[in-house]
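Asks: output the structure for:
(2 chains)
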There are 2 protein chains.
Amino acid sequence: MAGPREFFLPELPRLLPVGYHPKAAQIEIASNGWVRRCMGGCFASEDDLMCFLRQRNGLYGPLVVPDAEEDRAQNVADWYQFIAALERLAADRPADEAAHHVSQVVQEIVVGPQSGSGDEPSPYGCAARSLWSRISVGLTGAQVQRFAKIVEMVANRHVPELALPSASPGERLGLQDRMAARVSQHGCGFLELLTEYAAGVDMSEFIGSPVLAETHEHTRWHLILVRDLLSWRRLHDQPGQLTAIRILLEEDGLPLQAAVNRLCELIEYHERAYITARSRILAAPVGNRADVRAYLIGLDQLIAGNQEHEHLTSRNLGDGAVWDGTTCGWLSLDTPVASFRTRGAEQGRPSTLRGG
Amino acid sequence: MAGPREFFLPELPRLLPVGYHPKAAQIEIASNGWVRRCMGGCFASEDDLMCFLRQRNGLYGPLVVPDAEEDRAQNVADWYQFIAALERLAADRPADEAAHHVSQVVQEIVVGPQSGSGDEPSPYGCAARSLWSRISVGLTGAQVQRFAKIVEMVANRHVPELALPSASPGERLGLQDRMAARVSQHGCGFLELLTEYAAGVDMSEFIGSPVLAETHEHTRWHLILVRDLLSWRRLHDQPGQLTAIRILLEEDGLPLQAAVNRLCELIEYHERAYITARSRILAAPVGNRADVRAYLIGLDQLIAGNQEHEHLTSRNLGDGAVWDGTTCGWLSLDTPVASFRTRGAEQGRPSTLRGG
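Replies: Numbers count the residues shown, from 1 in each chain, chains lettered A, B, ... in the order given. All right, here's what the predicted structure looks like:
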C-alpha cells in the first residue's frame, strides 16, 4: 500500500479507571497451564503455543473483571484465552476449515460431543466442555439460554466476517454502516454475559429493552474501535481484515494520520457517550438496584480493561515485545516490534520516547 | 561435558505459601518502564533489553514482598530489576570491565556522581540515584549505614566470584566450604534489608546477634540452592559459574541425577530447618514483638517468592518461554527452551507432561 509508513498514536482519554484483578498474575499462569492441557493440540507447534502465550491473553480476564471472585475470574480468564485461540485459528486457516472447526466447538459447547458424526473430536472440545461445566453452574436459566443463542450467532458470524462482501459497484457504505454488522454480531453478547457472570448478576430482563441499549451500543463501539486502532500495525497489510481504519482509508479516502485521528475522536466520543448513558441509568430509579449498579461498574471495567489489554498484548506490539506502559508516540508500520518515538522518522532523525 | 543430557526435576516441598502482591501486574509494567527510562543505556540493543524484560525480573519484588505497601513494593521491584541488570552485565562482560562498572555504581549510590573523575557517568547512575532517593527515606539511620556497607561488600564480591580460584592441587573442599563464601557474601544482606524495608521494621539490633543468625543462614542457603538447581539447564555449559550442582558433579564426582537429588534434599533440609528456627523465635519472648513477627513473615515470603520466580523466569526456562505453572518433570540440557516431560528420553519415547 502506498502512503505514509508511520503515524502518531495520540494519548487516548482513558476516562474510566483500569483495574487488574488482585490475583491477575496467578490467574494468568494457571490459565496458561489450562491452555496447554486443554488446547495444546490446537496449536501447530510448541513455538506456536509459546507465541500465543506471549500475547498474554490470560490477562484479558483479570483486566475486564478485576473485582470478580477468584474462581469466576479464573473461568473468565480461561474463556477469553479460548476466544483468542479461536480467533487465531480463524485468522490462520482457510475460512471454510475455520468455520467447520468453530461449528464443531459450538456443537460441543451446546449439546456435547457428537457421537457417530464420523468427525474426529475437535481439539477445542476439551476446552469447551471444561468451560461450559464451570461457567454454566454460575448462570441462571435465562442466561444459559442467552449463552446458547450467542454461541450459535458466533458460529454463523465467523463465515461471513472471514469473507466479507464488498459493497456493490457504485455503492458506498459509510463507517457507521460497514461497522454495524460487527457491532451487532461481534460476539459482544459474550462480553456482556461474562460481565454479568463476573458480577454475579442477571441482566436478562433488560436484554432487548431500551434500558441498557445505549450503554451496550457505546461499549461495543469502544471495544471494537480501540481494537482496530491499536492493531493497525499488525493488520495494515492484511487487506481481508475489515477494520475501521481500513474503511476510513480505502472507502473514505482519508490519509493515514487523518484516519487515526478520526478514530481517536470516535473513541473519545463513544467513551463520553457511554459515561453519559450509564450515568443516566444510575440517576434513574432502576439505578438504585444493586445488581444494575454492579453490572454498570462491570461495563466500566470492561471498557477500561479492554483498552489496557490492547495496549499491552504482543499481539499488537509484535511478538517478543514486553509492554512498559507507553501509550502514545510515533509508530512505524515497518518495524516488526512497536517502538514508540517522540518524533516521526519522516520529520527528521527519530529519538525514542523511551530512551530518555 | 560427558554424561547424561537430561535429569528429572522432582517436586520441591514448597512448605511456605507463595504470595503475589495484589498489584503485581501493574508494578511489573511500571518497573519495566523505569528500566527503559533509567537503564536503557545499559543494554547492548533494543533486542537485549526486550530479552531482559521477557525474564520478568520485575515480578521478583512483587513475589518476595507481597504484603508491602504499594510504593515500597514498587521500589523493591525496581531494586531487584537493577540487581538483575547488574548480574546480566557481570555475566556478559569481561570481569575487569564489570568490576569497574560496579565500582562506579557503588560510588554513585553511596556518595553521588564523582565529578572530575574523568570517567563518563555510569549508565547505571540514573537508576542508582533513583533507587537511593526513594528507598533511603524509608530506612532508619542504622539501616542506611548497613546499606552502604553491603553496597561495598557487593562491589568487592563481584571480582572474586567472577574469577573464583580453584582449590590448591590436592586440596578438596566440600560443598559446605565452597559455598560458604557465597552464603556470606552473596549480597544476601540486601535481601534481608529490603525485607525489613518492605515490612516497615528495623532489625538492625539483631544483625550480628545470634537471635536471627540461624534463620538467616537457612534462608540464604535456600535462596542460593534453589537458584542453582533451577538454573542448571542454563549454566551447565558455563564452567566459570560456580554452582552447587557443579561442585557436586565435578568435585564430589556424583552423576547428574544424584547431584540433582542431593540438591533437592538440601533444599528440603534448609526449608525445614528455617521453619524450625523461626518457630523457635516466635515461641520465645522476642517473638511477641510485632516487628519481629512481621520480619519473620517477610522471610517466609522471601523464600517462597524466590522459588516461585526461579520457576517462572525465562532466564531459567529459556528465552521466549512462558511459564504455565509446571514445577517438575524430565528436562533436557539440550533444548533451547525447557520442556517438562513425564518420562526421560533415554528411557523410551518421551511424552510431554503438559500434553495430556
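
Asks: please make it C-alpha for all contacts and neighbour counts, starting now.
Replies: OK.

Asks: please report phi then psi for the residue nearest to A:Leu15 when sequence neighbours are not counted.
Replies: In this structure, A:Leu15 finds its nearest non-sequential neighbour in A:Glu271, 7.5 Å apart by C-alpha to C-alpha, 6 or more residues apart in numbering or on different chains. Main-chain torsions, A:Glu271, degrees, to the nearest 10: phi -70, psi -50.

Asks: what's near enough to touch A:Glu271?
Replies: Each residue near A:Glu271 by C-alpha atoms under 8 Å, 6 or more residues apart in numbering or on different chains is listed here: A:Leu15, A:His218, A:Thr219, A:His222.

Asks: helices - which of these land there?
Replies: Among the contacts of A:Glu271, the members falling in helices (DSSP state H) are A:His218, A:Thr219, A:His222.

Asks: returning to that earlier point: closest to chain B among the contacts of A:Glu271?
Replies: Closest approach between the contacts of A:Glu271 and chain B, by C-alpha to the nearest C-alpha: A:Leu15, at 18.0 Å.

Asks: what about the residue of the stretch 101-250 of chain A found nearest chain B, which SS state?
Replies: Nearest residue of the stretch 101-250 of chain A to chain B, counting by C-alpha to the nearest C-alpha: A:Cys126, 10.6 Å away. Reduced to three states with DSSP: H, G, I helix; E, B strand; the rest coil, the structure at A:Cys126 is helix.

Asks: burial of the nearest residue to it once chain neighbours are set aside, as a residue count?
Replies: Using C-alpha to C-alpha, 6+ apart and skipping residues adjacent in sequence, the residue nearest A:Cys126 is A:Cys38, 5.5 Å away. Using other C-alpha atoms under 10 Å in any protein chain shown, A:Cys38 is surrounded by 22 other residues.

Asks: show me what whichever strand or helix holds A:Cys38 is packed up against.
Replies: A:Cys38 is part of helix A:24-39 when elements are defined by DSSP states H and E. Contacts defined by 3 or more C-alpha pairs under 8 Å, 6 or more residues apart in numbering or on different chains; DSSP states H and E place helix A:24-39 against helix A:60-64, helix A:70-92, helix A:125-135, helix B:24-39.

Asks: just the CA trace of the helix or strand just after it, in CSV.
Replies: The C-terminal neighbour of helix A:24-39 among helices and strands, as given by DSSP H and E, is helix A:46-54. In CSV, the C-alpha atoms belonging to helix A:46-54 read as follows (Å, rounded to 0.1, in the frame of the first residue of the first chain):
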residue,chain,number,x,y,z
GLU,A,46,5.2,-25.7,20.7
ASP,A,47,6.6,-22.5,19.2
ASP,A,48,3.1,-21.5,18.1
LEU,A,49,1.7,-22.2,21.5
MET,A,50,4.5,-20.1,23.1
CYS,A,51,3.9,-17.2,20.7
PHE,A,52,0.2,-17.3,21.8
LEU,A,53,1.1,-17.4,25.5
ARG,A,54,3.5,-14.5,25.0
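
Asks: report the buried residues of helix A:46-54.
Replies: Within helix A:46-54, the residues that count as buried by 16 or more other C-alpha atoms under 10 Å in any protein chain shown are A:Leu49, A:Met50, A:Cys51, A:Phe52, A:Leu53, A:Arg54.

Asks: can I get those residues in CSV including pLDDT?
Replies: Shown next, in CSV, are these (pLDDT from 0 to 100):
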residue, pLDDT
A:Leu49, 95
A:Met50, 97
A:Cys51, 97
A:Phe52, 97
A:Leu53, 98
A:Arg54, 98
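
Asks: in three-state terms, label A:Trp330 for me.
Replies: For A:Trp330, the assignment made with three-state DSSP gives strand.

Asks: out of everything not next to it in sequence, what's closest to it?
Replies: That would be A:Phe8: by C-alpha to C-alpha, 6+ apart, it lies 4.2 Å from A:Trp330.

Asks: host element of that neighbour?
Replies: Using DSSP H and E, A:Phe8 sits in strand A:6-9.

Asks: that strand packs against which elements?
Replies: For strand A:6-9, the packing partners by 3+ C-alpha pairs under 8 Å, 6+ apart come out as helix A:256-283, strand A:329-332.

Asks: let me see the mean pLDDT of stretch A:17-26.
Replies: Averaging pLDDT along stretch A:17-26 gives 98.

Asks: what strand or helix carries the residue lying closest to A:Gly318 once chain neighbours are set aside?
Replies: Take A:Gly318 and drop its neighbours on the chain: the residue closest to it by C-alpha to C-alpha, 6+ apart is A:Val337, 4.4 Å away. Here A:Val337, judged by DSSP H and E, is contained in no helix and no strand.

Asks: which parts of chain A sit against chain B?
Replies: Within reach of chain B by C-alpha under 8 Å from any C-alpha of the partner chain, chain A has these residues: A:20-26, A:29-33, A:36-38, A:40-41, A:50-51, A:53-54, A:320-326, A:354-356.

Asks: thinking again about what came up before, deepest-packed of the helices and strands packed on strand A:6-9, please.
Replies: Neighbour counts averaged per stretch over the helices and strands packed on strand A:6-9 are highest for strand A:329-332, at a mean of 20; criterion: mean count of other C-alpha atoms under 10 Å in any protein chain shown.

Asks: shaky segments in chain A?
Replies: Within chain A, the stretches with pLDDT under 70 are A:1-2, A:92-104, A:106-107, A:110-122, A:154-173, A:185-187, A:346-356.

Asks: determine how far stretch A:289-305 lies from the middle of the whole chain.
Replies: Computed by C-alpha atoms, centre = their mean, to the nearest Å, the chain-centroid distance of stretch A:289-305 equals 17 Å.

Asks: got the buried residues for that stretch?
Replies: Buried residues in stretch A:289-305 (16+ other C-alpha under 10 Å): A:291-305.

Asks: in strands, which of the residues you listed fall?
Replies: Per DSSP state E, strands hold no members of the buried residues of stretch A:289-305.

Asks: count the neighbours of A:Asp324 for me.
Replies: Neighbourhood size, A:Asp324 [other C-alpha under 10 Å]: 21.
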